[in-house]
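> could you work out the structure for the sequence below:
(one chain, ligands or ions: 1)
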Amino acid sequence: MRPLLHPTLVNGRSGDPALYIETLFERRAILFDLGDIAALPARKILRLEQVFVSHAHIDHFVGFDAVLRVALGRGKTLRLYGPPHLIANVQGKLNGYTWNLVDGYPLTIEVREFHGHEIRLATFRATEGFTLRDSEPESLHALPGNQTFAILEEPRLTVRAAALNHRIPSFAYSLEEPFHINVNKQKLHEAGLPVGSWLKDVKQFIWQGQPDAYRFQVLLYFEHRPEEREFVLGEIKEKFLTISRGQKIAYVVDARYDDENAAKIVELAHGADTFYCESPYLDADREKAFDRYHLTAKQAGWLARKAAARDLVVFHFSSRYTGQGDAIEREALEAFREE
Ligand SMILES: [Zn+2]
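Numbering: from 1, shown residues only. From the prediction side, this is the model:
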């Protein structure tokens with residue numbers, strides 16, 4: 001399977017949390033957390049459409065200005081998602097500047113706050129000097145018994161969240177492709193069919209949920225000679241495509257280790273291909289970690305193991321362990337791979 005989601009920790013294992021995820025199917029990227037992002041070039045910031053914030057402690061939110069600065073003059077809508085109070089946090093940032101000469105700028109910022117049973121939406125437009133516009137809250141239907149809830153549902157991507165206890169709510173996130181489509185080029189070739197943009201249409205029909213009986217016409221090019229053909233979606237699927245499980249990435253930061261948090265994290269990160277988990281402390285300092293509402297490396301390893309994650313990446317190391325990154329990683333991976 002060729003992975004379509006490419007995650008990178010903007011500041012490596014030790015700097016501010018920010019996980020930049022590029023999607024190969026569109027020129028589009030997603031960011032989990034907004035710590036210092038000075039290391040991200042402007043062209044990468046411009047690809048951001050959605051930013052998911054865990055909570056607004058400064059090391060997770062100080063990068064907001066950098067996104068605002070780059071996005072300001074471009075025609076786009078930037079969407080932020082996160083815990084209660086995020087709207088006030090964004091408003092506070094915007095109120096820190098004077099906006100009397102931006103009425104020709106096309107930037108719109110939408111902020112969605114997820115409360116227990118409702119979603120609050122606020123919009124800030126450059127054309128209105130970024131004054132807050134409230135919308136009616138939408139209700140949030142979390143399934144009973146589920147500890148996690150959907151934040152964003154698109155045909156090709158789902159983002160789910162869990163509200164963890166960090167003395168304030170700290171949101172953990174997962175990003176998942178519902179399924180993954182591979183084209184068998186060899187079989188196409190054997191059937192005398194060309195590759196080309198018609199395959200994009202086919203994938204689109206599947207993402208849209210069209211039934212197997214769906215008939216469609218496409219223009220095929222046989223050595224530059226166009227020819228219209230009709231196909232049945234189910235037949236194309238059966239002969240030329242492999243549909244497999246999609247890729248999953250989980251992201252957990254700033255949470256205490258307790259039964260409730262652990263259960264939510266395990267549910268959210270279940271089966272993740274890559275599980276990014278904070279490990280600010282070594283387990284020798286687990287009491288300090290608990291008091292400060294953070295995880296230890298060993299706890300990160302246990303959680304990844306319980307969640308049956310395929311790979312674990314630990315990060316958000318505390319500066320008290322400068323130079324001991326390898327020891328933190330070793331402790332986490334030992335707990336993760338323990339027999
Ligand atoms: Zn925090």
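> could you dump the helix ranked longest in the chain to CSV, C-alpha only?
Ranked by residue count, the top helix of the chain under DSSP state H comes out as helix 325-337. Taking only C-alpha atoms (Å, rounded to 0.1, in the frame of the first residue of the first chain), the coordinates of helix 325-337 have been written out as CSV:
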residue,chain,number,x,y,z
GLY,A,325,16.1,11.6,24.3
ASP,A,326,17.4,8.1,23.5
ALA,A,327,16.8,6.9,27.1
ILE,A,328,13.2,8.2,26.9
GLU,A,329,12.6,6.5,23.6
ARG,A,330,14.2,3.2,24.9
GLU,A,331,11.9,3.1,27.9
ALA,A,332,8.8,3.7,25.8
LEU,A,333,9.7,1.1,23.2
GLU,A,334,10.6,-1.5,25.8
ALA,A,335,7.1,-1.1,27.3
PHE,A,336,5.6,-1.1,23.8
ARG,A,337,7.3,-4.3,22.7
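> output stretch 85-105 as PDB, nothing but the C-alphas.
Included here for stretch 85-105 are C-alpha records, laid out as PDB according to Å, rounded to 0.1, in the frame of the first residue of the first chain:
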ATOM      1  CA  HIS A  85     -12.600  28.200  25.100                       C
ATOM      2  CA  LEU A  86     -10.800  28.000  21.800                       C
ATOM      3  CA  ILE A  87     -13.000  30.700  20.300                       C
ATOM      4  CA  ALA A  88     -12.000  33.100  23.100                       C
ATOM      5  CA  ASN A  89      -8.300  32.100  22.600                       C
ATOM      6  CA  VAL A  90      -8.500  32.900  18.900                       C
ATOM      7  CA  GLN A  91     -10.400  36.100  19.500                       C
ATOM      8  CA  GLY A  92      -7.800  37.200  22.100                       C
ATOM      9  CA  LYS A  93      -5.000  36.600  19.600                       C
ATOM     10  CA  LEU A  94      -6.900  38.600  16.900                       C
ATOM     11  CA  ASN A  95      -7.600  41.400  19.300                       C
ATOM     12  CA  GLY A  96      -3.900  41.800  19.800                       C
ATOM     13  CA  TYR A  97      -3.600  43.600  16.500                       C
ATOM     14  CA  THR A  98      -5.100  46.500  14.700                       C
ATOM     15  CA  TRP A  99      -7.200  45.600  11.600                       C
ATOM     16  CA  ASN A 100      -8.300  48.900  10.000                       C
ATOM     17  CA  LEU A 101      -6.700  48.300   6.600                       C
ATOM     18  CA  VAL A 102      -7.500  44.600   5.900                       C
ATOM     19  CA  ASP A 103     -11.100  45.000   4.400                       C
ATOM     20  CA  GLY A 104      -9.800  43.900   1.000                       C
ATOM     21  CA  TYR A 105      -8.200  40.700   2.400                       C
END
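> buried stuff in that stretch?
Using 16 or more other C-beta atoms under 10 Å as the test for burial, stretch 85-105 gives 86-87, 89-91, 93-94, 99, 102, 105. Placement of C-beta: from N, CA and C, glycine included.
> out of the helices and strands in the chain, which is least certain?
Among the helices and strands of the chain, strand 138-139 carries the lowest confidence by mean pLDDT, DSSP states H and E, at a mean of 82.
> give me the contacts around it.
When contacts are defined by C-beta atoms under 8 Å, 6 or more residues apart in numbering, strand 138-139 is touched by residues 117-119, 121.
> of those, just the buried ones, PyMOL syntax please.
For anyone working in PyMOL, the buried entries among the contacts of strand 138-139, judged by 16+ other C-beta under 10 Å, can be selected with:
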select buried, resi 119+121
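> burial measure for the closest residue to the ion within the stretch 151-300 of the chain, as a count.
Closest residue of the stretch 151-300 of the chain to the ion, C-beta to the ion: Asp254 (3.9 Å). Summarising burial for Asp254: neighbours were counted as other C-beta atoms under 10 Å, giving 26.
> secondary structure and pLDDT added to the contacts of strand 138-139, as TSV?
Formatted as TSV, the contacts of strand 138-139 follow (DSSP: H, G, I helix; E, B strand; the rest coil; pLDDT from 0 to 100):
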residue	secondary structure	pLDDT
His117	coil	83
Glu118	strand	88
Ile119	strand	91
Leu121	strand	95
